[in-house]
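just a sequence and a predicted model for now, questions to come.
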Amino acid sequence: MRYSNMFLPTVREVPSDADVISHQLMIRSGLIRKLTSGVYTYLPVGYRVIRKFEQIVREEMNRAGAQEVFMPTVQPAELWQESGRWVHYGKELLRFRDRHDRECCLGPTHEEVITDLVRNEIKTYRQLPRNLYQIQTKFRDEIRPRFGVMRCREFGMKDAYSFDIDSEAADLSYQKMFDAYNRIFARCGLKFRPVEADSGAIGGSFSHEFLVVADTGEDGMVYCESCSYAANLEKAEIARPAEPAPVASAKAVEEVHTPDVRTIEEVCAFLNVTPREVVKTLIYTADGNAVAVLIRGDHEVNEIKVKNLLGCDSLEMAMEDMIVEVANAPRGFVGAVGIRCPVYADYSLIGMADFVMGANKEDHHLRNVNMGRDFSVKAFADLRTIRDEDPCPRCGKTLHFARGIEVGHVFKLGLKYSKAMRAVYLDRNGKEQFMVMGCYGIGIGRTVAATIEQNNDTAGIVWPMPLAPYQVIVTPTNVNDGALAKAAEKLYDSWIARGIEAILDDRDERAGVKFMDADLIGIPLRVTVGPKRLAEGKVEVRFRRTGEVHVLPLDEAVEFVVRAVQDGMKAPE
RNA sequence: CGGGGCGUAGCGCAGCUUGGUAGCGCGCCUGCUUUGGGAGCAGGAUGUCGCAGGUUCAAAUCCUGCCGCCCCGACCA
């Protein structure tokens, strides 16, 4: 492509409303422009990168035996009512009515549509397993779109859906997708990590997230270098501590007047104790019923773990009136002694004795409280969020913490949708069985943004070869110099003939401007055709990533670049 | 949804407190010079000051309402 014909609006200034590097660079390098909140247009060069990534995804999906389909964006409410998500999905589902007043929505994901398709067409175990995937635009009406295409409302996504005869077969499908994902992100040259994740509202038995390591990532993760344990921060387990010798305290419970002392910090200061000696009592509403969660003063409750323990659909901090109802005391003075609701305690309470806790009486706390003696616990469980000092739950060694961008998620769905929507087949014995499903997503635009997040420097983007919109840019330093222009043109033609994706920067601009743009848009190789070198019959080949320069005769430069491109495309095994 | 902020030329912003002439940088157009890391000089074009009302002799500026966008938080496959 000739630069002079390209629609590639680069901007010199850093956009004021972009606060992560990938967002800034995508705008500056003319990859994207925003239409409205959370909705972006991909410009030609940006779209080339998207298509490059999609192609990698496609190749690996096909290799794993999945087949591509293309599904509707507009979906009827009936399907969603059938799966139960019309009610459950909430405001992220953009709903509207058509001219006949039929309720519709824009697909935020396609489980319903694919399940409907498969249940209508697949009748027997002989037709299973199947894995169908789509690479399409989806819409989720995010509360707060941010970070450019990383968290937006309209976005490109690859979703694959697998259908199997039973759970073991489904595990195999899951493993194939897991392996394919590792190949996909490795081919992009990304530093990433698959981590155990919560399967969330989608339901299902287990799942992994693929996180691209980046400090700006929205997800936290822990990983262990001694064993292979890696998990999302929300999911990361904390091992049950060894059972200590039963504690028998001689000290009697003591009620202390603590006027206006509510927070852990205030309690500690007032009673001269440390947070480790205090137990927090938090009242939650689980599907409308009050429950108390006990946790050590210096820990944080992990609501996902509480939700999973209780198996409830909704979990919220209780309102003041409900707290008073079960505890007879306002927020800040709640404790487990005499409380009128089920009590669940975090593992960290095991072995604690003579601790401080709210008295269930306004402006009072209790000292020397002991479990068993003063109140009873319905169950002990892992209910808190993991912290720096916690050891690996598997091997006990030191855990590492990092942040990452979620670019992929694989779920084993189980029977959730097949039951709700009656996706059944006849087995060998002619008996009706539910299909066992899995779903596997990859955020297309988000992966591209994550790639930039991991591959940039002060001058701009540094594309890994497999995703680069073009592989080489030929830069004559002065197009008004006939010899330079001619030599550049010839080089460009020979690369095009060899199947290399090349840009000829034929603009009548100063060399500095061209260099800046080439660096900004991140083309891996730049070939400079300047008067001094050309007089010796040579050109410069420069690597964007390293700045390494090779001065080569014209014909050798052609081969050199072809080889460098091939080397850069190799998927690491 | 709660809190904060912004809306003035294509982009980034000043002007608003204290009402009266719409300005700066970048970009854009023309010409000359320049040509290896975002050139110099000269000339030029560009605005319903987000929208709608109101106050006033007079509104970018003051008042009311609306719309859009951004940031923080809560929420979330």
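Thanks, I have the structure now. Numbering: from 1, shown residues only, chains lettered A, B, ... in the order given.

for the stretch 201-350 of chain A, just list every one of the helices.
A:264-271, A:303-310, A:320-327 (DSSP state H, counting those that start in this stretch).

turn those into a markdown table, columns for mean pLDDT and distance to A:T546.
(Each C-beta comes from the backbone N, C-alpha and C, glycine too.) Formatted as a markdown table, the helices of the stretch 201-350 of chain A follow (pLDDT from 0 to 100; distance: least, Cβ to Cβ, whole Å):
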| stretch | mean pLDDT | distance to A:T546 |
| --- | --- | --- |
| helix A:264-271 | 86 | 51 |
| helix A:303-310 | 84 | 43 |
| helix A:320-327 | 84 | 61 |
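
any idea which of those helices is most buried?
helix A:303-310 (a mean of 19; mean count of other Cβ atoms under 10 Å).

check which helices and strands it sits against.
Helix A:303-310 makes packing contacts with strand A:279-286, strand A:289-296, strand A:315-317, strand A:343-346, strand A:379-381 when contacts are defined by 3 or more Cβ pairs under 8 Å, 6 or more residues apart in numbering; DSSP states H and E.

buried stuff in the third one?
It refers to strand A:315-317. Within strand A:315-317, the residues scored as buried using 16 or more other Cβ atoms under 10 Å are A:L315.

so how far is stretch A:338-357 off the chain centroid?
Computed by Cα atoms, centre = their mean, to the nearest Å, the chain-centroid distance of stretch A:338-357 equals 35 Å.

before we move on, the earlier item: nearest to A:E277 among the helices of the stretch 201-350 of chain A would be which one?
Taking Cβ to Cβ, helix A:264-271 is the member of the helices of the stretch 201-350 of chain A nearest to A:E277, at 8.1 Å.

what's the average pLDDT for the longest strand seen in chain A?
Secondary structure of chain A per DSSP state E: the longest strand is strand A:399-414. Averaged across strand A:399-414, the pLDDT comes to 91.

mind putting the helices and strands packed on helix A:303-310 in TSV, distance to RNA strand B and mean pLDDT included?
TSV is the format used below for the helices and strands packed on helix A:303-310 (distance: least, Cβ to the nearest atom of the strand, whole Å; pLDDT from 0 to 100):
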stretch	distance to RNA strand B	mean pLDDT
strand A:279-286	11	88
strand A:289-296	14	89
strand A:315-317	8	80
strand A:343-346	18	92
strand A:379-381	19	89
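
dump those into a markdown table; add distance to A:V113 as well.
Output for the helices and strands packed on helix A:303-310, formatted as a markdown table (distance: least, Cβ to Cβ, whole Å):
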| stretch | distance to A:V113 |
| --- | --- |
| strand A:279-286 | 32 |
| strand A:289-296 | 35 |
| strand A:315-317 | 30 |
| strand A:343-346 | 39 |
| strand A:379-381 | 38 |
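
how about A:T41, nearest residue that isn't a chain neighbour?
A:R33 (5.1 Å; Cβ to Cβ, 6 or more residues apart in numbering).

return the set of buried residues in the helix or strand hosting that neighbour.
Element membership for A:R33, per DSSP states H and E: strand A:32-36. Neighbour-count burial for strand A:32-36 flags A:I32, A:K34 (criterion: 16+ other Cβ under 10 Å).

again with stretch A:183-194
By neighbour count on 16+ other Cβ under 10 Å, the buried set for stretch A:183-194 is A:R183, A:I184, A:F185, A:R187, A:C188, A:G189, A:L190, A:F192, A:R193, A:P194.

surely the fifth one touches A:W463?
In other words, A:C188. No. Using Cβ atoms under 8 Å, A:C188 is not in contact with A:W463, being 10.1 Å away.

one step back: wait, which of the helices and strands packed on helix A:303-310 is closest to A:N62?
strand A:315-317 (41.1 Å).

which residues sit against the closest one?
For strand A:315-317, the external contacting residues (Cβ atoms under 8 Å, 6 or more residues apart in numbering) are A:L282, A:I283, A:Y284, A:T285, A:A286, A:E303, A:V306, A:K307.

now the helices of the stretch 201-350 of chain A in JSON lines, with distance to RNA strand B?
Shown next, in JSON lines, are these (distance: least, Cβ to the nearest atom of the strand, whole Å):
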{"stretch": "helix A:264-271", "distance to RNA strand B": "17"}
{"stretch": "helix A:303-310", "distance to RNA strand B": "7"}
{"stretch": "helix A:320-327", "distance to RNA strand B": "16"}
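
for A:D17, state which of the buried residues of stretch A:183-194 is nearest.
A:L190 (26.5 Å).

using PDB, write out every CA atom in the longest strand of chain A.
Extracted C-alpha coordinates of strand A:399-414, given in PDB (Å, rounded to 0.1, in the frame of the first residue of the first chain):
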ATOM      1  CA  LEU A 399       2.400 -17.300  46.000                       C
ATOM      2  CA  HIS A 400       3.000 -14.600  43.500                       C
ATOM      3  CA  PHE A 401       0.500 -11.800  42.700                       C
ATOM      4  CA  ALA A 402       0.100 -10.100  39.400                       C
ATOM      5  CA  ARG A 403      -2.500  -8.300  37.400                       C
ATOM      6  CA  GLY A 404      -3.900  -9.300  34.000                       C
ATOM      7  CA  ILE A 405      -6.300  -8.600  31.200                       C
ATOM      8  CA  GLU A 406      -8.900 -11.300  30.700                       C
ATOM      9  CA  VAL A 407      -8.700 -12.100  27.000                       C
ATOM     10  CA  GLY A 408     -10.300 -15.600  27.100                       C
ATOM     11  CA  HIS A 409     -12.600 -17.700  29.200                       C
ATOM     12  CA  VAL A 410     -13.400 -21.400  28.900                       C
ATOM     13  CA  PHE A 411     -16.400 -22.700  30.800                       C
ATOM     14  CA  LYS A 412     -17.800 -26.200  31.300                       C
ATOM     15  CA  LEU A 413     -21.400 -25.300  31.300                       C
ATOM     16  CA  GLY A 414     -22.800 -28.800  32.100                       C
END
